[in-house]
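Visitor: how would this look folded up:
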Amino acid sequence: MLRIKRLKTQIKTSNGTYGFDNIFMDGLNIIASEDNTSGKSSVIAAIYYCLGFEEIIGGKGEKVLTAVYKTAIEEGEEVWPVLESGAYLEIYNGKEIVTIYRSAKMEGRNSSLITVYHSGMNDIKKAGVLIEDMYVHMPNSSVNTKGFHTFLESFLHIELPLVPAADDGTRKLYLQLIFSAMFIEQKNGWSNIMSGMPFFGIRESKKRVLEFLLHLDTLENEKKKDSLRTKESSIKFQWDSIIKELNILLYREGCVPHGLPLTPQILSEEDLLDLFIKKEDREIDEYIEKLQEEYNQLILLKPRVVDNFDTIQQELNATENSIDEFERELYKNRSILHSESSSIEKLSNNLEIIENDIRNNKDAARLRNLGSELDLATTKDTCPVCSQPIQDTLIPHSGHMQAMSIDENIRHLIAQKDMLEFAQAGHRRNMERIRERIVQLENSLLKLRSMAKSLRNDLYSINDNISESIIRKKLQLDAEMNSLYQLVEYFNSKKQKLSELSEEWKKYLTDKADLPKKKFSDSDEEKRKTLRNHFIRNLMQFGYKSIPNLNQIDISMDSYLPVIEGFDMKFDSSASDNIRAIWSFVLSLLETSNERSGNHPGVLIFDEPAQHSIVSSDVEKFFNHIIKLKNSQVIVGMTIRDSDTRQTIKKLSEESFNLIKVPYKAFKKFSVD
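Guide: Numbering: from 1, shown residues only. Below you'll find the model as predicted:
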C-alpha cells in the first residue's frame, strides 16, 4: 500500500522561498488550474521525482523537471533566479509514515542523493527522528541496503520478482516499471496503455508488470520455467564439456570410452560400473597389466647387445612391418579425409543451388497467390481462353508424365535440402573421426620409428654395448604406464562429476514434471475474467463507441492486454476512445487487484486525463467511478479553463473528493522560509 500524504516543494531565490505545500487525502484528489501552464504538471512531476520514478516522465535526474526548479521563477512581472530547490514528500504504507527529501538544485548535493526522515513532515527536525541518506539511479540502487528503491520496496511491503532479461539473464522487476502502469503522465502517457514504461532490458516488461500487479500464479510458473531452462542449459553445457574433453584426451592416448553417454541422463550404479576405458580391445586395467608384464620381462633381459642379437633382429623386422602397415593406413585415411572434404564441398554447392531454387519457387508461388486475389485465370493454372488446365513448366506435356506444381516442387526441394544437410552432417562427423585416427597413427609412427632407430643402433653397435632399444622400451613403457595411470585417475574424477550431474539432471526432470500442465491456474483464469469484466463495464460507462459489440474484447492470454480477435484494440479506437480505454484498463487493474488479492499499491495518478476533447459528461462519469473506488488514492491533474469542465467538477459532492486549487502560478511565495 502507498499513499501520498503531503507534498512540499521549496524553491529558494534572493526574494525568498517559493513553493507548493498541500495535503492529499484517500480517494479522489484533483489538482485544478485554469491554465495549462500554471505549474500543475510541475507539482505532479515532483511526486515522481521524490519517489525516483522520473524515468516514467522520460529522463533521469533533475533534467526532467521544469525550469521553475532549476532556472528562474516568475512573480508577476518579476523573474527571480533559482538559488536552491528541492521537494519533500510524505508517504504512508498503512502503518508507517516517512518523509522523503530530494534536491533539484543545490551546491554540493547530487540529485541522486535522497534523505529519508522516519517521521511525518512536521516532525523531521525533532530530536530522535531517524534520518537516513540513500541514493537512486546508481548501480545496485534497487538491491543494496542504501539504495533508495531497496528501501521503498521494503517500505511498501512488496517483494519484487526476478524476471527474464533481454540478455538471457534475470533482473529485478523494477519499481519504475510497476508504477508506470499506475502513473499516467501528460506528454507520453496517453498514447497507449503503459506507454510511459521505461526500457530496462526486461523481456515482455508490460506482461511481467501485469502478472505482478494481479499476483498471477503464472509469474511464479514462468520464473520456475526460466530457472529450469537455465539449469538445463548449465547441465548440458557441463556434460558436453566433460565428454569433449575426455574424448580428446582418450583418443590422444589411443584409448576409447565404453558406455560414455553423450547427453545428460540418469546414471544408475550399473551404468557407472559399465563406464570405463578400453585400449586395443582391452579394459584399461588389463592393458596396464600387460604393459607391466612387458616391463618386468625387459628387466629380466640381459642389457648387453651380444646377449640379445637375434631377438633384436626379429623385433626390428616386426617394427618395420608395423611401420609399413601404419603408413599405409595413414595414407588411406588421408585419402579418405580428402574425399570427405570434397563431398562436403559438393554438398555445399548443391545446397546453395537448392536454396536458390526454393527461394525462386516461393517467389513464384507468392506472385501466383497475389495474382489469384485478382481472380486471374492464369494464376489458377487455367487457360483464360479455352479453360483447359495448364502446367507451370515449359517442359512439353506428355501423357505419361505429370509435371509437379510449384507447391509440390517446393516440398520436393525442401525434402532434398533436408537430405543433403543430413548427408553433410554425416560427412562432417566422419571427418572428425578420421582426423582423430590420423593423429593416433602419427603418434604411433613416431614411437615406432624411434624404436626402429634404437634397434638398428643396437645391431651395428659394439657387442659389449648396453642395448639402447631395451632402455628405450623400458622408458617408453614406464612413460606410457604413468600416462595411463594419470588418465585413469582423471577419467574417474570426471566420472564422479558425471554422477553428480546425473543427480542434478534427475532433480531437473522431477521439477520439470511437477510444473503445472496448464498455462493458467484456476485462480489466474478468474483474475483474467474479472479484469475483462471490469474493463468492458468501464468502457461502457465512460462512453466508448469505437467498437459496436464490446463483448468482442478479450484480455490476451499472452500479453494480458485488451485485444479484439487477437489484435491490439487501439487500432480500432478513435483518439478519444483510446483515452477512455486507458482510463478503463488502469482502473480495472486496481479493481481486480482489490477483489482478487493482487499486489496493486492502490495509488493512481492521471495528469490531464481529458485528452482529445472528451465530452464533460464522460469525464464526470470517470470522476464518479473513482469516488466509488475502495482502498485507493487517485490524484488527477486537471485544467478547467472551459465552463463545461468547471461545471463537471462543481457537480461532484464537495465531501467526496479533495480539490486542490492552483492559482495563476502553482508556486507561491511562502510567508516564512
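Visitor: pull out the buried positions in stretch 61-69.
Guide: 62, 64-65, 68-69 (16 or more other C-beta atoms under 10 Å). The C-beta positions use only the backbone N, C-alpha and C, and glycine is treated the same way.
Visitor: from the chain's centroid, how far away is stretch 331-340?
Guide: The chain centre lies 46 Å from the centre of stretch 331-340; the measure is C-alpha atoms, centre = their mean, to the nearest Å.
Visitor: ok, now stretch 411-418?
Guide: For stretch 411-418, the distance to the chain centre is 34 Å (C-alpha atoms, centre = their mean).
Visitor: so for it, what gets flagged as buried?
Guide: For stretch 411-418, by 16+ other C-beta under 10 Å, it's 413, 417.
Visitor: now stretch 128-137
Guide: 134-137.
Visitor: repeat for stretch 90-106
Guide: Quick answer for stretch 90-106 (16+ other C-beta under 10 Å): 90-93, 97-106.
Visitor: hang on, the earlier thing: what is the most widely separated pair among the buried residues of stretch 61-69?
Guide: 64 and 68 (12.8 Å; C-beta to C-beta).
Visitor: show me the strands in the stretch 101-250 of the chain, by range?
Guide: Here the stretch 101-250 of the chain has its strands, by DSSP state E, counting those that start in this stretch, at 113-117, 131-135, 162-164, 170-172, 183-184.
Visitor: rewinding a little: may I ask which two of the buried residues of stretch 90-106 are separated the most?
Guide: Among these, 93 and 105 lie farthest apart (C-beta to C-beta), at 29.5 Å.
Visitor: closest to residue 175 out of the buried residues of stretch 61-69?
Guide: residue 64 (16.5 Å).
Visitor: that closest one and residue 56 touch, don't they?
Guide: No: counting by C-beta atoms under 8 Å, residue 64 stays clear of residue 56, with 9.3 Å between them.
Visitor: residue 16 reaches residue 669, doesn't it?
Guide: Yes: if you go by C-beta under 8 Å, residue 16 and residue 669 touch, sitting 5.4 Å apart.
Visitor: which ones are touching residue 600?
Guide: By C-beta atoms under 8 Å, 6 or more residues apart in numbering, the contact set of residue 600 is 182, 213, 589-590, 593-594.
Visitor: from the residues you listed, pick the one nearest residue 640.
Guide: residue 182 (23.6 Å).
Visitor: dump stretch 267-275 to CSV, restricted to CA.
Guide: What follows is stretch 267-275, C-alpha atoms only, in CSV (Å, rounded to 0.1, in the frame of the first residue of the first chain):
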residue,chain,number,x,y,z
LEU,A,267,23.0,-42.9,-14.4
SER,A,268,22.4,-45.9,-12.2
GLU,A,269,25.1,-47.8,-10.3
GLU,A,270,25.2,-50.4,-13.1
ASP,A,271,25.6,-47.6,-15.7
LEU,A,272,28.6,-46.2,-13.7
LEU,A,273,30.2,-49.6,-13.4
ASP,A,274,29.8,-50.0,-17.2
LEU,A,275,31.6,-46.8,-17.8
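Visitor: and residue 667, how far from residue 87?
Guide: Distance from residue 667 to residue 87, counting by C-beta to C-beta, to the nearest Å: 11 Å.
Visitor: if you could redo that for residue 325, that was the one I meant.
Guide: Distance from residue 325 to residue 87, by C-beta to C-beta: 89 Å.
Visitor: out of the two, which sits in the more crowded spot?
Guide: residue 87 (24 against 12; other C-beta atoms under 10 Å).
Visitor: for that one, list each beta-bridge partner.
Guide: residue 9, residue 102 (DSSP bridges).
Visitor: right, and it touches residue 8 too?
Guide: Yes: Residue 87 lies in contact with residue 8 (C-beta under 8 Å); the separation is 6.9 Å.
Visitor: picking up where we left off before, mind listing the shared neighbours of residue 667 and residue 87?
Guide: Counting by C-beta under 8 Å, 6+ apart, the residues touching both residue 667 and residue 87 are residue 9.
Visitor: returning to that earlier point: buried only: go through the contacts of residue 600 for me.
Guide: 182, 213, 589-590, 593.
Visitor: now these as TSV including distance to residue 423 and pLDDT?
Guide: Formatted as TSV, these follow (distance: C-beta to C-beta, whole Å; pLDDT from 0 to 100):
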residue	distance to residue 423	pLDDT
182	59	96
213	54	96
589	56	97
590	61	97
593	58	96
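Visitor: mind checking which of those are in helices?
Guide: Of the buried ones among the contacts of residue 600, the ones assigned to helices by DSSP state H are 213, 589-590, 593.
Visitor: among those residues, which one sits closest to residue 569?
Guide: residue 589 (15.8 Å).
Visitor: show me the contacts for the closest residue to the closest one other than its chain neighbours.
Guide: Nearest non-adjacent residue to residue 589, counting by C-beta to C-beta, 6 or more residues apart in numbering: residue 213, 5.7 Å away. Contacts for residue 213 (C-beta under 8 Å, 6+ apart) come out as 178, 181, 589, 593, 598-600.
Visitor: what's the closest of the residues you listed to residue 535?
Guide: residue 589 (9.0 Å).
Visitor: how close does the closest one get to residue 601?
Guide: In terms of C-beta to C-beta, residue 589 sits 11 Å off from residue 601.
Visitor: overlap of the contact sets of these two?
Guide: In contact with both residue 589 and residue 601: residue 182, using C-beta under 8 Å, 6+ apart.
Visitor: how about the helices in the stretch 501-650 of the chain?
Guide: 522-541, 575-595, 616-628, 643-651 (DSSP state H, counting those that start in this stretch).
Visitor: could you check how far residue 157 is from residue 360?
Guide: Residue 157 is 63 Å from residue 360, by C-beta to C-beta.
Visitor: do residue 131 as well
Guide: For residue 131, the distance to residue 360 - C-beta to C-beta - is 74 Å.
Visitor: and residue 60, by the same measure?
Guide: As judged by C-beta to C-beta, residue 60 and residue 360 stand 52 Å apart.
Visitor: give me the buried positions along stretch 338-349.
Guide: Here stretch 338-349 shows 340, 343-344, 347 as buried, counting by 16+ other C-beta under 10 Å.
Visitor: next one: stretch 257-274
Guide: 257, 260, 264, 267.
Visitor: what does stretch 111-119 contact?
Guide: Residues contacting stretch 111-119 (C-beta under 8 Å, 6+ apart): 50, 52, 61-62, 96-104, 123-124, 126, 129-138, 148, 151.
Visitor: go with 7 Å
Guide: Contact with stretch 111-119 is made by 52, 61-62, 97-104, 124, 126, 129-138, 148, 151, as judged by C-beta atoms under 7 Å, 6 or more residues apart in numbering.
Visitor: I'd like the next helix or strand past the helix ranked longest in the chain.
Guide: The longest helix of the chain (DSSP H) is helix 309-372. Next helix or strand after helix 309-372 toward the C-terminus (DSSP states H and E): helix 406-459.
Visitor: what's the angle from that following helix to helix 309-372?
Guide: Orientation of helix 406-459 against helix 309-372 (axes from the mean of the first three to the mean of the last three C-alpha atoms, to 10 degrees) gives an angle of 170 degrees.
Visitor: may I have the beta-bridge partners of the residue nearest the centre of the chain?
Guide: Nearest to the mean C-alpha position of the chain, by C-alpha atoms, centre = their mean, lies residue 165 at 3.1 Å. Judged by DSSP bridges, the bridge partners of residue 165 are residue 202.
Visitor: wouldn't it be in contact with residue 201 here?
Guide: Yes: counting by C-beta atoms under 7 Å, residue 165 touches residue 201, with 5.3 Å between them.
Visitor: follow-up on the earlier one: what's the most buried one of the helices of the stretch 501-650 of the chain?
Guide: helix 575-595 (a mean of 22; mean count of other C-beta atoms under 10 Å).
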